[in-house]
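**Q** sequence-free structure coming up:
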Ligand code: ADP
Ligand code: MG
């Protein structure tokens, strides 16, 4: 047996109770899991600070000294423990809010302590909350100077599992490896190619490095390992999908498509729209299941592409579904598409959580017996009660969270997996897209419909408010409609931000002759809808809202977008919001209103927004400025494995390499049978099994 598979309860000092806790809280079951828990930081124990040199903002400090006074204050949950600590150069106040009684017992006056903690400035005094204290005589330096620290959960801490205990346990685990053979899951030629540490060395350097460089080398190896297995799994899955499970074939361009194209198309397609339709059609004829991402800036006309592709599926005898992220969007798609397809005699239905009772029954029945050709809706579409008769195509609009995992739910709705088209206005870097969407192909609509005037974007400050209102009045008098977006729904005294409710009152007062509407996420969907409909019909002139109108809403007569506290929004979000205007023939405007005094970063972001309307350029700039924050969370949730050290956005260069390597390995050993890779495949299967067991219990 592989020594790493040893159950942790057999490691000295762990036992059945702690092993159950570690399994529950950190998903640690085996020695391997334990040793793969990498430290999140290392502390240089050779460095002792003087209290007189410590200032707020230092990440952590190590101090050496003794306690001169201990006192408790307050009652019940407000009880706290304070200790005054000195090293002769100054005083620090140590504070505990939890476990006061236990902690109090441990503290002794006059003892020589080593202390670790994060300093803060509390009313001019140096204060350290919940420091780690150890008797200086008991601190061992033999583990090397860089002491690893591990993430723990609150529950573990409460049950007495400390970073210190974990450190000792990991060290005991490492000792078990001595003189035992250890097989590395990564093939040797890949270790060599990227100059990575072997497993044994990496484990040692991760948990007891002699320097920061050593720990960095170890981290690099584990990052690569994680990404390599992630890519190996995704590519393997993609291969299985294209070889084993053939896709439906849509050979005909049929009656409805021709009829619609010749007689009902409201405009001629742009060249870019035509090209992506050809690309998609080639997939649909290939006999392999399509898995394609359609990227196109806001307003580039993705809906029309979706509609025509849906007609292709329908003409070949299949049903189609279109899923949108919100109720408003689903309804909007439904209205536009139903109006377009009803004249052809096709049945289009809407399904959201608000479609209830008899109507819901009827829709579910129609989907089940095949009478409904196209079902449009929200996430409600993937619920088990929705059973299609013959689903051939699933189109997913603006859904970045819809990763590999979630798509599996759609597959179960059909004998063979349906073709999948994911549409988005958010440009996603290619490697990331391939990872989140499996082996996906990408099509880009890189052209806007003709006659669009680029939105003119200006940056105003609070001081320009009078000018803003004048401009709004002028546009409103021309018969245009206006959006005003706020970062908050309600006033919040803690934040110096404008809010939609106050804005609504102020604008209603300022424009008494016009109708002002309000929508936000906390309103009942029916009411929200009513207001949106009134705005669409032109009955409301000025719509005050939060970012609920961000994605996909289409009101061509609305030509002005005002964004209050624009400094509070990310570039991608500002771009999305701006995309709500500029949809008609009129010159449109976007006004970014910010505070009067701005940080350099905000000024730069405003300059980018006023300087370009190209979504791809904005996304690039956004990544440069902020790092890819937003994408991260959304992308991560779609992965087949949980990543512990690597980050699919920050480490995307490494991921690119890992992907190429994984593809190469898969190419050389498609049957997964070469002895040279036996250990690697076994490792992957172990990970998969673990994930399955794990998702079954959690
Ligand atoms: P998005 O790609 O952001 O989803 P939509 O599909 O909502 O964009 O299209 C935006 C607007 O452009 C809609 O009003 C649509 O009817 C219109 N449109 C789409 N394609 C064309 C075209 N080729 N010519 C003119 N208008 C178009
Ligand atoms: Mg859209």
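**A** Good, I have the coordinates. Keep in mind it's a predicted model, so treat the numbers as computed, not measured. Ligands and ions are numbered 1, 2, ... in the order given.
**Q** what residues are up against whichever residue of the chain sits closest to ligand 1?
**A** Closest contact between the chain and ligand 1, by Cβ to the nearest ligand atom, is at residue 301 (2.8 Å). In short, each C-beta sits where N, CA and C put it, glycine included. Counting by Cβ atoms under 8 Å, 6 or more residues apart in numbering, residue 301 touches 269, 270, 273, 445, 448, 449.
**Q** Please list the residues of this structure that sit near ligand 1.
**A** Applying Cβ under 6 Å from any ligand atom, we find that the chain lies next to ligand 1 at 267, 269-270, 273, 296, 298-304, 425, 449, 552, 554, 556, 583.
**Q** quick one: pLDDT of the closest residue to residue 26 other than its chain neighbours?
**A** Using Cβ to Cβ, 6 or more residues apart in numbering and skipping the chain neighbours, the partner closest in space to residue 26 is residue 37 (6.4 Å). Per-residue pLDDT puts residue 37 at 93.
**Q** if I read this right, residue 37 contacts residue 170, doesn't it?
**A** Yes: contact between residue 37 and residue 170 holds when scored by Cβ atoms under 8 Å: they sit 7.4 Å apart.
**Q** what sits up against stretch 535-545?
**A** Identification of contacts with stretch 535-545 by Cβ under 8 Å, 6+ apart yields 472, 476, 481-486, 500, 503-504, 507, 511, 514-520, 531, 534, 549, 555, 557-558.
**Q** mean confidence score for it?
**A** 95.
**Q** ditto for stretch 95-104
**A** Rounded mean pLDDT across stretch 95-104 is 83.
**Q** Next, the buried residues of it.
**A** For stretch 95-104, the neighbour count (16 or more other Cβ atoms under 10 Å) marks 95, 96, 103 as buried.
**Q** For residue 602, see how far away residue 459 is.
**A** According to Cβ to Cβ, to the nearest Å, residue 459 stands 10 Å off from residue 602.
**Q** list residues touching both of those two?
**A** Common neighbours of residue 459 and residue 602 (criterion: Cβ under 8 Å, 6+ apart): residue 594.
**Q** So between those two, which is more surrounded?
**A** Higher neighbour count among residue 459 and residue 602: residue 459, with 19 against 16, using other Cβ atoms under 10 Å.
**Q** Can you report phi and psi for the more buried one?
**A** Per-residue torsions, residue 459: phi -110, psi 120 (degrees, to the nearest 10).
**Q** what sits opposite it in the beta ladder?
**A** Beta-bridge partners recorded for residue 459 (DSSP bridges): residue 592.
**Q** go on, residue 80?
**A** Residues in beta-bridge contact with residue 80 (DSSP bridges): residue 73.
**Q** got a list of what residue 259 touches?
**A** Shown in contact with residue 259 (Cβ under 8 Å, 6+ apart): residue 344.
**Q** got it, and the one 5 residues further on?
**A** Residues near residue 264 by Cβ under 8 Å, 6+ apart: 340, 343, 344.
**Q** what about the last one, neighbour count?
**A** So the one you mean is residue 344. By the measure other Cβ under 10 Å, the count of residues near residue 344 is 16.
**Q** Surely it is in contact with residue 256?
**A** Yes: using Cβ under 8 Å, residue 344 makes contact with residue 256 at a distance of 5.2 Å.
**Q** Quick check: phi and psi at residue 457.
**A** phi -110, psi 130.
**Q** one step back: okay, residue 37 and residue 170: which has more neighbours?
**A** residue 170 (23 against 20).
**Q** So the more buried one sits against residue 31, correct?
**A** No: if you go by Cβ under 8 Å, residue 170 and residue 31 don't touch, sitting 9.8 Å apart.
**Q** so is residue 585 in a helix, a strand, or just coil?
**A** coil (DSSP: H, G, I helix; E, B strand; the rest coil).
**Q** can you tell me how far residue 6 sits from residue 176?
**A** Taking Cβ to Cβ, one finds residue 6 at 7 Å from residue 176.
**Q** Common neighbours of those two, please.
**A** residue 31.
**Q** Residue ranges in the stretch 351-500 of the chain under the pLDDT threshold?
**A** By pLDDT under 70, the low-scoring segments of the stretch 351-500 of the chain are 399-412, 427-432, 436-439.
**Q** Then the stretch 551-698 of the chain?
**A** In the stretch 551-698 of the chain (pLDDT under 70), the answer is 551-553, 620, 623-640, 690-698.
**Q** all strands for it, in order.
**A** Along the stretch 551-698 of the chain, counting by DSSP state E, counting those that start in this stretch, strands occupy 558-563, 589-594.
**Q** ditto for the stretch 201-350 of the chain
**A** Counting by DSSP E, counting those that start in this stretch, the strands of the stretch 201-350 of the chain are 291-296, 319-323, 348-351.
**Q** which strands and helices sit next to the second one?
**A** Strand 319-323 sits against helix 302-315, helix 327-341, strand 374-377, strand 391-397, with contacts defined as 3 or more Cβ pairs under 8 Å, 6 or more residues apart in numbering; DSSP states H and E.
**Q** Sheet-wise, list the partners of the last one with their directions.
**A** Pointing back at strand 391-397 there. Counting by DSSP bridges, the strands paired with strand 391-397 are strand 319-323 (parallel), strand 419-424 (parallel).
**Q** so which of the ones you listed is the most packed in?
**A** Ranked by mean neighbour count under mean count of other Cβ atoms under 10 Å, the strands paired with strand 391-397 are led by strand 319-323, which reaches a mean of 26.
**Q** What mean pLDDT does it get?
**A** Taken as a whole, strand 319-323 has an average pLDDT of 95.
**Q** hang on, the earlier thing: list the residues that contact both of residue 37 and residue 170?
**A** Common neighbours of residue 37 and residue 170 (Cβ under 8 Å, 6+ apart) are residue 150.
**Q** how would you label the residue sitting furthest away from the middle of the chain: helix, strand or coil?
**A** With distances taken from the mean C-alpha point of the chain and given as Cα atoms, centre = their mean, the most distant residue is residue 110, at 50.2 Å. What three-state DSSP gives for residue 110 is coil.
**Q** likewise residue 65?
**A** Applying three-state DSSP: residue 65 is strand.
**Q** residues in contact with it?
**A** Applying Cβ under 8 Å, 6+ apart, the residues near residue 65 are 51, 85, 86, 87, 88, 112, 113, 115.
**Q** quick one on the thing from earlier: what's the least confident stretch among the helices and strands packed on strand 319-323?
**A** With a mean of 88, helix 327-341 has the lowest mean pLDDT of the helices and strands packed on strand 319-323.
**Q** returning to that earlier point: now the strands of the stretch 201-350 of the chain in a markdown table, with distance to residue 496?
**A** Listed next are those as a markdown table, based on distance: least, Cβ to Cβ, whole Å:
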| stretch | distance to residue 496 |
| --- | --- |
| strand 291-296 | 37 |
| strand 319-323 | 39 |
| strand 348-351 | 41 |
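**Q** can you tell me which of the ones you listed comes nearest to residue 467?
**A** Set against residue 467 and scored by Cβ to Cβ, those come closest in strand 291-296, at 34.7 Å.
**Q** Given the closest one, what are its sheet partners and their directions?
**A** Here, using DSSP bridges, strand 291-296 pairs with strand 419-424 (parallel), strand 441-445 (parallel).
**Q** Surely residue 114 and residue 139 touch.
**A** Yes: between residue 114 and residue 139 there is a contact at 5.4 Å, judged by Cβ under 8 Å.
**Q** Have a look at those two and say which one is more surrounded.
**A** The neighbour count for residue 114 versus residue 139, taken as other Cβ under 10 Å, is higher for residue 114 (18 against 15).
**Q** Domain boundaries for this protein, per the record?
**A** Following automatic domain parsing, one finds the domains of the chain at 47-144, 221-245+640-697, 255-284+301-424, 456-612.
**Q** Could you tell me whether residue 133 really is in a helix?
**A** No: using three-state DSSP, the assignment for residue 133 is strand, not a helix.
**Q** Distance of it relative to residue 500?
**A** Distance from residue 133 to residue 500, by Cβ to Cβ: 49 Å.
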